[in-house]
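Enquirer: Sequence and predicted model, in that order:
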Amino acid sequence: MRDRELEKNGIKMSSLPSEMREIMNILNKNYESEELQGVYDAYMYARNCHAAQIRKTGEPFIIHPVNVALILARLKMDVITVKAALLHDVVEDTDVSIDQIHEKFGNEVAHIVDGVTKIDRIELSKSNLDKKAETILKMFFAMTKDIRVILVKLADRLHNMRTLDSMKPYKQKEKATETLQIFAPIAHRLGIHAIKWELEDLAFKYLYPEEFEKTQELVDSKRATIEILSTEFKASLLSELITNGVECEIKGREKHLYSVWQKMRKKGKTIDDMYDLIALRIITKTESDCYVALGIVHKYWNPIMSRLKDYIATPKSNGYRSIHTTMMTHQGKILEVQIRSEEMDEEAEYGLAAHWAYKSNKKNILRQQKWLKSLAEWYKDYQMGLTKLTDFQNELMEEDEVYVYTPRGEVKHLPLGSTPIDFAYSIHTEVGHHFAGAKVNNEIVQMDYKLKNGDKVEIIINKNRKNPSLDWIKFAKSSGTRAKIRSFFKKQNRDDLIEEGRNIIRRVAKRVDLSMEKVISSDVFQNLIGDVTNFTEEDIFMKIGDSKYSYDQIATLFEKEEEDEEDLIITSEKQVKSNNIVFVNGESGISVKIARCCNPIPGDRVIGITSKKGITVHKINCPNAKNVTEGDTVQIQWGDNTNEMYLSKIYLESSDTSGQVVKDIVQKTREKSVKILEVNTKFDDNDYVIYTITVQVRDRKQLFDVMGYWKGLKGITRVYRTKGG
């Protein structure tokens, strides 16, 4: 049924914008007139609701929902999703209620519109992208019972990114950052590469404009050569395949700018080193033809066997199926060839959205269910404080996987770099808890062994083991593995942790003269420990008692800045004249305080901040010195400080938990005639040791000399001062 026939059924195609006509023609291939009428009605309803609204681009507002619906129609989504896309901004931007949408368009459409509306309403008081990313992801988790909510939101973000030029620069960067943090990773995890790649390139353009232009110039400089070689390779290979009876199509594949830049940046490659700029994709009719084509390609050109990857036999965890092989051509050029069937090619572009509406595909349904289950498990771990937002983002973005086999031949997909402990917990939590060792390819391996593609892994179990070891966390690549180990110990020690946390809050409340309830409900406390919307009071106490937050750390939140300062011993005119330690606006003899928030020392660039209690000296980059009006500051210069000593706090990160690092630090510090006053130790979420060391030094030169010593110690990964604040 073409346009004329649709108009016979009451759908006025000639009056629709071109994008809407394309939507109707796509749907027309698989849906009846009654269903198409429902889409048309949704469009007319949305157009009337948005009639008075204009986008920042100057276009009528309805252009946006129509383009969102078109993206989803091209993904072959069902009519319910397309109708929801057309209506997705109606509740948010007009007076229409979700109940009215439910009454007119039904429960499914209303559910999707409501989900997208709730995500759109997330607004934070501060411009904190990490916090906003966390909040949006939580909304996604809440909507995973119907993945179409996420798909509509992805399409909404894609069209907004396409029209981002109309926004102010700061807004462009904010949206681009959100896109890379949240939307592109989720598109990748859903296997929707058609959306993922475009989102990444658009975000790249606004976040790193100079790098974007440079990368584009580099790729353009190679484009003519690439096109000539691709055309030549395509013609000769197609002739060979047809001669051997393989019915297929060959396409050139162009690498996307963001992935080119990432590879150059992460792996230190130049554009000339990137052989996969030239790539061909062979698309066959059937799966069996893929392997016939592979044999012909390998016979025609010499394969680099170490680069052969069969994702048909062992699909990626997001469902991606294809054969990748790399060839050395007759001209001495390296060429990557991908081989897949038509169905696989469609799935590679559209991921979980492929065949949603009109093809029964049990594998796709099982894949969706598996992904949603893993998402729900991750969110449960996150709510319990067992894993972090960054863990989830990193695992979403992880391109590389390793596939290994159980003794029965079952394939397990794990993040690249996984170890036997990750494999054990992927089988079952109890298998992990009773881990006693592992055999890989029938040989005993160490716990830190990095699993390789094709390894056969057998876990040795000790049924008498009562509990896992916390030390296993440092060998685990997967955040899910770490979460399961942490969960065990939290369950075992729950009551003790709750009581410990309760005692910490009780002591803080007494010190700052507030009730425990007011301490917990205060903004500064909740900013420290994060969102606790779904936490009980016991959950909060357990989180505090889990050694993440100390009594001093919490109590300091309630102290005023003036109380967090230390007097310099400059109390009389006589002392100042003899030492001339600090000059204020060029004058000596003026009493000042040294701010303990940033601990400035001679050699640091400093500024004085005036208040009713006098002048406080801060490092010039201290956050507490920012946003101070010019009239409240004075110029500070260091004078003769030969006989004075100053406190400074240094932070060291170490992967060595043996205690040897502390001994080395003390020894090296003695050699430099620097006195250590205090050493505090804690573990971060990755089980690295963080040492906070308070030292006495004369000036910045002496401090950095000592820090240089420490940086050279075995096991030290980072040495730094904080700006303060």
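Expert: Sure thing, it's come through.
Enquirer: helix, strand or coil for Ser673?
Expert: Assigned with DSSP: H, G, I helix; E, B strand; the rest coil, Ser673 falls in the coil class.
Enquirer: Kindly tell me how buried Leu238 is, as a neighbour count.
Expert: For Leu238, the count of nearby residues is 16 (other CB atoms under 10 Å). The C-beta positions use only the backbone N, C-alpha and C, and glycine is treated the same way.
Enquirer: ah, wrong one, I meant Val91
Expert: Val91 has 23 nearby residues by other CB under 10 Å.
Enquirer: Check Ile80 too.
Expert: Quick note: Ile80 (other CB under 10 Å) scores 22 neighbours.
Enquirer: how close does it sit to Ile26?
Expert: 15 Å (CB to CB, to the nearest Å).
Enquirer: before we move on, what about Asp422?
Expert: 43 Å.
Enquirer: Also Lys518?
Expert: Taken as CB to CB, the span from Lys518 to Ile26 is 58 Å.
Enquirer: ok, the two, which is more surrounded?
Expert: Taking neighbours as other CB under 10 Å, Lys518 and Ile26 compare with Ile26 leading, 18 against 13.
Enquirer: Leaving aside the residues adjacent along the chain, what's closest to that one?
Expert: Ala73 (4.6 Å; CB to CB, 6 or more residues apart in numbering).
Enquirer: would the one you found count as being in a helix?
Expert: Yes: membership of Ala73 in a helix is supported by three-state DSSP.
Enquirer: I'd say it and Ile23 touch.
Expert: Yes: shown here, Ala73 and Ile23 form a contact pair, counting by CB atoms under 8 Å, at 4.6 Å.
Enquirer: Check the contact lists of the two and give me the overlap.
Expert: With contacts taken as CB atoms under 8 Å, 6 or more residues apart in numbering, Ala73 and Ile23 have Val82 as neighbours in common.
Enquirer: still on that earlier bit, burial measure for the residue nearest to Ile26, as a count.
Expert: 25.
Enquirer: wait, what's in contact with it?
Expert: Contacts of Ala73 by CB under 8 Å, 6+ apart are Glu22, Ile23, Ile26, Leu27, Val82.
Enquirer: ok, now with 7 Å
Expert: Ile23, Ile26, Leu27, Val82 (CB atoms under 7 Å, 6 or more residues apart in numbering).
Enquirer: and if you look at Lys682?
Expert: Ile690.
Enquirer: part of a helix, is it?
Expert: No: Lys682 is assigned strand when assessed by three-state DSSP, not a helix.
Enquirer: Test of understanding: give the bridge partners of it.
Expert: Beta-bridge partners of Lys682, counted by DSSP bridges, are Ile690.
Enquirer: Need the per-residue pLDDT for it.
Expert: You'll see Lys682 listed with a pLDDT of 76.
Enquirer: Nearest spatial neighbour of Cys49, chain-adjacent residues omitted?
Expert: Thr94 (4.5 Å).
Enquirer: residue boundaries of the strands in the stretch 401-550 of the chain?
Expert: 401-405, 411-415, 435-440, 443-445, 457-461 (DSSP state E, counting those that start in this stretch).
Enquirer: Can I get those strands in a markdown table including mean pLDDT, mean neighbour count and distance to Thr284?
Expert: Formatted as a markdown table, the strands of the stretch 401-550 of the chain follow (pLDDT from 0 to 100; neighbours: other CB atoms under 10 Å; distance: least, CB to CB, whole Å):
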| stretch | mean pLDDT | mean neighbour count | distance to Thr284 |
| --- | --- | --- | --- |
| strand 401-405 | 84 | 20 | 23 |
| strand 411-415 | 83 | 18 | 23 |
| strand 435-440 | 91 | 17 | 35 |
| strand 443-445 | 90 | 12 | 39 |
| strand 457-461 | 91 | 18 | 33 |
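Enquirer: out of the ones you listed, nearest to Leu528?
Expert: Among the strands of the stretch 401-550 of the chain, the nearest to Leu528 by CB to CB is strand 411-415 (30.2 Å).
Enquirer: Can you tell me the strand partners of the closest one and which way each runs?
Expert: Applying DSSP bridges, one finds strand 411-415 paired with strand 401-405 (antiparallel).
Enquirer: So what touches the strand it pairs with?
Expert: By CB under 7 Å, 6+ apart, strand 401-405 touches 314, 316-317, 411-416, 418, 423, 451-453, 455-457.
Enquirer: Only C-alpha atoms, please: export it in PDB.
Expert: Below are the C-alpha coordinates for strand 401-405, written out as PDB (Å, rounded to 0.1, in the frame of the first residue of the first chain):
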ATOM      1  CA  GLU A 401      36.100  -9.800  26.000                       C
ATOM      2  CA  VAL A 402      37.700 -13.200  26.600                       C
ATOM      3  CA  TYR A 403      35.700 -16.400  26.000                       C
ATOM      4  CA  VAL A 404      36.600 -19.600  27.900                       C
ATOM      5  CA  TYR A 405      35.000 -23.000  28.200                       C
END
